[in-house]
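1. coords please:
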Amino acid sequence: MERGNNQLTLDDDAMAAAEGETRRLLARYGQPQVMEPPAALAGRVIDALSEPSSRPASTLRRFYAGIGLICGCVALALGAWGVLIDSSGPAKLFGDLSGGISELILILTLAAKPLINLLMSAGATVLVMIVASLGGSWLWWELLRRELAVSPETSA
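-> Now for the predicted structure:
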């Protein structure tokens, strides 16, 4: 192999010998069984790939996506209200603070406050560093993938 050539190429005789050896090894298991392809297979595949999907998005799927989006926005608004303005505010919406779901919401709000404070102070710098590291890793992988995808004919 030459430098930069990352593919093994065999001549036709070596390829035929390797295929014959593989078929001989698999013959004891009754495989591969040679079968004729269906009529006009290539045409059917090309037709299936070229025609656009006629199935529109499901109405039920869009409905559930809308409900999920609304619930997410409400949860985000209640969380921001509880962390930034009044810790007991969202919990009081669900009843007395002495128990039940309101106590759980109060506990979650109070647990989130230190995390938000960390993110708003030194955590922002760490977050920027993490995003930069992930972006650099992705860029490195893309460059490496392009280099490996170059065919040996174009690099020679």
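
2. please compute how far stretch 93-104 lies from its chain's middle.
-> From the chain centre to the centre of stretch 93-104 is a distance of 38 Å (CA atoms, centre = their mean, to the nearest Å).

3. do stretch 10-27 as well
-> Going by CA atoms, centre = their mean, the spacing between the C-alpha centre of stretch 10-27 and its chain's C-alpha centre is 39 Å.

4. what mean pLDDT does that stretch have?
-> Across stretch 10-27, the average pLDDT comes to 85.

5. same check on stretch 44-58?
-> Averaged across stretch 44-58, pLDDT comes to 74.

6. again, but for stretch 101-115
-> On average, stretch 101-115 scores 84.

7. pull the distance from it to the chain's centre.
-> Centroid separation for stretch 101-115 versus its chain: 31 Å, with CA atoms, centre = their mean.

8. ok, residues contacting it?
-> 78-79, 82-83, 87-88, 90-97 (CB atoms under 8 Å, 6 or more residues apart in numbering). From N, CA and C alone the C-beta is placed, and that goes for glycine too.

9. dump those to a markdown table, plus secondary structure.
-> Formatted as a markdown table, those follow (DSSP: H, G, I helix; E, B strand; the rest coil):
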| residue | secondary structure |
| --- | --- |
| 78 | helix |
| 79 | helix |
| 82 | helix |
| 83 | helix |
| 87 | coil |
| 88 | coil |
| 90 | helix |
| 91 | helix |
| 92 | helix |
| 93 | coil |
| 94 | coil |
| 95 | coil |
| 96 | coil |
| 97 | coil |
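
10. where does residue 38 land in three-state SS?
-> coil.
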